[in-house]
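Colleague: No letters, just coordinates:
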């Protein structure tokens, strides 16, 4: 197949028109990107954004450290409280249920049970430490109920 000069000229002209359209399209996109700003301004914006990203990375690291500290403190804080009021004396219940047992436990069920026995003459206060929800001292039924209530609060 032999190409004559006219066909070759038309092909080259078409390629030049396509190349010019691509250049114009690229120029239009660059103008839209810069919107009247110089390349230096765009470089400043990119540099500023890189600096801000580094600041956010530092902030995130500080925040993660803070959250780890808060989680450790939260694990050791009182998470479950249960109180049982009762009348330790048999009878018609005159005077009401003035005595109580309250359990305070953390996430690992460590804590204390505080109990009071109220009588007309005096009030006795007793404390029994808890480790894993159990005490080395014998717990009364009211104290056991208070520990049970405190454990239920942990489930919530």
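Modeller: That came through, no problem. Just so you know, these numbers come straight off a predicted model, no measurement behind them.
Colleague: Name the residues of the host helix or strand of residue 114 that come out as buried.
Modeller: Applying DSSP states H and E as the criterion places residue 114 in strand 111-118. Buried residues in strand 111-118, defined by neighbour count with 16 or more other CB atoms under 10 Å: 111, 113, 114, 115, 117, 118. In short, each C-beta sits where N, CA and C put it, glycine included.
Colleague: what's the domain layout of the protein?
Modeller: 5-74, 80-155 (automatic domain parsing).
Colleague: Return the most buried member of those domains.
Modeller: domain 80-155 (a mean of 15; mean count of other CB atoms under 10 Å).
Colleague: At the geometric centre of this structure, which residue sits there?
Modeller: In the chain, the C-alpha nearest the mean C-alpha coordinate belongs to residue 67, at 7.4 Å (CA atoms, centre = their mean).
Colleague: Quick check on that residue: phi, psi?
Modeller: phi -70, psi -40 (degrees, to the nearest 10).
Colleague: pLDDT wise, what is it at?
Modeller: pLDDT recorded at residue 67 is 96.
Colleague: Please apply the same query to residue 40.
Modeller: Confidence score, pLDDT, at residue 40: 66.
Colleague: again, but for residue 23
Modeller: Per-residue pLDDT puts residue 23 at 95.
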